[in-house]
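Engineer: I'll drop the sequence and a predicted model, then ask my questions.
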Amino acid sequence: MATASRTLPLLLEPVEDETLLSFCRRLAARNEASLTCVLRTCGLVAERGPVVLAPEHSLVLEPPVLEAVTFATGITSDAASRLVLSRFRGAINPGDYPRGDPARLRHWGVRSGLLPAGSRLCPICVRQDGAFRLAWRFSWVYACPVHRVLLQATCPGCGRPYSCDAVVAPPLPSMVPVLGVCGNRQSRGQGRRGPHALACGHPLAGRPLGCGWTNSVACSERWPTWPTSRSWAR
Ligand SMILES: [Zn+2]
Ligand SMILES: [Zn+2]
């Protein structure tokens, strides 16, 4: 792992605050390739066997991984480093995560304010660019300060958290990702498992729910601060 074999034919720039997996999904869609293909090209998963990401890849990119990702995607080391949660220093301390133990790492993530699984989303942000943001993985980020709407916690189609952005085992990695729809595996019927497994496919850009604060002063006082690298990075 962590050796990129080649550079992808069609390249993209990450969206501000985008997650590594979201970026890989958008690259896969752009190249009409499976997510597995892009993750392997980036050296993020093993060449053979199940597509399982190391959980720490959502936190930090160690030098060999960073080098492989930059080689495969053509983005700079700085841009690649901004795709993982270590950019939120102050909100999270990536220096003390438990290495090599996924179960302990998961508990550590929850104690650090991360959702136990999946991601929330802003329906307007994803309508614009299809990208999942790092901030949506924090349990205490519940609204989008850009569009002033509540984040959606679960997909109305399948009723589950959005796992398009699953940290460890993305659903249906052998498919070419379809952006803008829920990528969760269908929970019922023939599309549930096996070679005929299908994605939920419910549109991500649903009807947004406003914050409900009509008084502009109250709204500006109560509105959460978007935890971008600009506000958190040291
Ligand atoms: Zn938004
Ligand atoms: Zn769904």
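Structural biologist: All right, it came through fine. Residues are numbered from 1 along each chain as shown. Ligands and ions are numbered 1, 2, ... in the order given.

Engineer: From here on, just use CA atoms for contacts and neighbour counts.
Structural biologist: Will do.

Engineer: residue contacts, the residue of the chain found nearest ligand 2?
Structural biologist: When distances are taken as Cα to the ion, the chain reaches nearest to ligand 2 at C158, 4.0 Å away. By Cα atoms under 8 Å, 6 or more residues apart in numbering, the contact set of C158 is N184, Q186, S187, C200, H202.

Engineer: Counting neighbours, which of these end up buried?
Structural biologist: Members of these that pass the buried threshold by neighbour count (16 or more other Cα atoms under 10 Å) are listed as N184, Q186, S187, C200, H202.

Engineer: Just the ones of these in strands?
Structural biologist: When the buried ones among the contacts of C158 are checked against strands (DSSP state E), there are no matches.

Engineer: May I ask which of the residues you listed comes out lowest in pLDDT?
Structural biologist: Minimum pLDDT for these is recorded at S187 (74).

Engineer: quick one: that one from ligand 1, how far?
Structural biologist: For S187, the distance to ligand 1 equals 28 Å [Cα to the ion, to the nearest Å].

Engineer: With A199 instead?
Structural biologist: A199 sits 24 Å away from ligand 1 when distances are taken as Cα to the ion.

Engineer: what about the residue lying closest to that residue once chain neighbours are set aside, neighbour count?
Structural biologist: Once flanking residues are discounted, A199 sits nearest to R185: 4.6 Å by Cα to Cα, 6 or more residues apart in numbering. Other residues near R185 number 20, with proximity taken as other Cα atoms under 10 Å.
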